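[1] Got a predicted model here, sequence first, then my questions.
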Amino acid sequence: MIKKLNSLTVLFIITVLMVLLMLVTIYRADDNQDAYGLLFPELFEQLSEVNNIQFTSGEGEFTLYREGEDWFIREHYDYPAHFDEVKRMLIDLSEAELLERKTDNPDEHYILGVEGADPEVPGGESLKVSLRDDDEEVAGLILGQQREITTQAGPKQFYVRRAGEQESWLAEGYLQINPVMLNWIQAEIINLARERIARVEITQPNGDSAVIVNTGAKDRFGTPEDGEETIFKYPQLGYDIAGSLHQMRMEDVKPVAEFSRGDAEVVTARFTTFDGLVVTTESSFIDGFYYSTMSAAFDASAIQPAPKDIQELNVTKKPEAVKEEVAKLNQRLSPWVYQVSGFVGTNLMRARSDMVTERSNVIPMPPDMTGFGPR
């Protein structure tokens, strides 16, 4: 019995050692590696030909496609993709370098996370990226695990396999490619400088309205009645409301033609600038989310001199430039309904009773450590 037990123990130890040896062999970095060159040696010269990028992973499948210089997401209403992010990824792929060969045994690919990409397996580690010129593949990559190394800055090391090949590699480069479709979307809706805002009027469905205005200096807002003496619910509220359209970002988007507000109330907010631009948002709270549509107009009667410290920033525009801005904004914004964050949505729908208060009821704010708050 003891001999049999000893034999089983020895067999177990041998098996463990063999597995460990396999792992060490696969993961081991070769200090005497050959110079293998680029992951895709000809890709940089071919980038202008790429007009489709297909992503496949446990997160799902989606395609980016190019028209002219612009990129769009086919599976998300053909909404624009973030041009800079797409461009950066393509360049990074063309610059990635091979460091050393790994296993060409398909049974061992899973160890490095390069076994393949299956959208039917949620959370699968592999990501397949296929760069195409229409239906012809220019380059295909199966991106596996990132190799843990001590260096924090600069390019990282990843286990990869070129599509159609069994050989796997350790590669180095900026290959943190996101497998989630919505992370490729052009998330910024509009970027209207807070300094341009002269007036914001928020109107409730019953006709009640709340108005804030610039009180004569950069980042200073109050009600028309009380000006600098306005007591907001919290000191920065006027600043936050006026800045709702500054670097405004979406959480998701839907086409206007496919969206219904149902019985949800609509609150209208009008942002008027010193140079006559008027941006109107119509917002509703539906099933726990805030949805807004937006439009722009030019109102010559709204033009007024900006405070001196704002004039020095050169953020206001001439009437003709504002008219051009209006046309571009409406072309871009009119087809869409945007899902915005709770913070932005709340400020776009605030009633007067939720904006101003008595001094004794003011909510104290923690000190601003970001450097981006009002001064």
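    Nice, thanks for sending it over.
[2] Per-residue pLDDT of Ile14, please?
    At Ile14, the model reports a pLDDT of 52.
[3] got it, and the one 5 residues further on?
    If you check Val19, the pLDDT there is 48.
[4] Ok, Ile149 next?
    76.
[5] Tell me who's in contact with it.
    Listed by C-beta atoms under 8 Å, 6 or more residues apart in numbering, the contact set of Ile149 reads Lys156, Gln157. For the C-beta atoms, the positions are set from N, CA and C on the backbone; glycine is no exception.
[6] when you give positions from now on, start the count at 54
    I'll keep to 54 as the first residue from here, and by that count the last item is Ile202.
[7] Poorly predicted segments of the stretch 54-203 of the chain, please.
    Within the stretch 54-203 of the chain, the segments meeting pLDDT under 70 span 54-88, 172-177, 203.
[8] can you give me the strands for it?
    Counting by DSSP state E, counting those that start in this stretch, the stretch 54-203 of the chain has strands at residues 105-110, 113-120, 123-126, 132-133, 150-154, 180-186, 189-200.
[9] and these as CSV, adding distance to Met408?
    Shown next, in CSV, are those (distance: least, C-beta to C-beta, whole Å):
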stretch, distance to Met408
strand 105-110, 44
strand 113-120, 41
strand 123-126, 37
strand 132-133, 33
strand 150-154, 56
strand 180-186, 46
strand 189-200, 48
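[10] what's the closest of those strands to Ile363?
    Nearest to Ile363, of all those, is strand 132-133, at 31.0 Å by C-beta to C-beta.
[11] Give me the helices and strands touching that closest one, please.
    strand 123-126 (3 or more C-beta pairs under 8 Å, 6 or more residues apart in numbering; DSSP states H and E).
[12] how distant is the strand it packs on from the center of its chain?
    How far strand 123-126 lies from its chain's middle: 14 Å, per C-alpha atoms, centre = their mean, to the nearest Å.
[13] Likewise for stretch 105-117?
    In terms of C-alpha atoms, centre = their mean, the centre of stretch 105-117 is found 16 Å from the chain centre.
[14] what do you get for stretch 159-173?
    Distance, centroid of stretch 159-173 to centroid of chain: 28 Å (C-alpha atoms, centre = their mean).
[15] Mind listing what's buried along it?
    Neighbour counts over stretch 159-173 (16 or more other C-beta atoms under 10 Å) mark Glu161, His162, Ile164, Leu165, Gly166, Val167, Glu168, Gly169, Ala170, Pro172 as buried.
[16] quick one, domains of this structure?
    87-237, 241-414 (automatic domain parsing).
[17] Make CSV out of the buried residues of stretch 159-173 and add distance to Val306.
    Formatted as CSV, the buried residues of stretch 159-173 follow (distance: C-beta to C-beta, whole Å):
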residue, distance to Val306
Glu161, 42
His162, 37
Ile164, 40
Leu165, 37
Gly166, 32
Val167, 34
Glu168, 34
Gly169, 32
Ala170, 26
Pro172, 22
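[18] distance of Pro358 from Asn267?
    Per C-beta to C-beta, to the nearest Å, Pro358 is found 11 Å from Asn267.
[19] picking that back up, most tightly packed of the strands of the stretch 54-203 of the chain?
    strand 105-110 (a mean of 21; mean count of other C-beta atoms under 10 Å).
[20] Residues touching that one, excluding its own?
    114-119, 139, 142-143, 170-172, 177, 179-187, 230, 232, 234.
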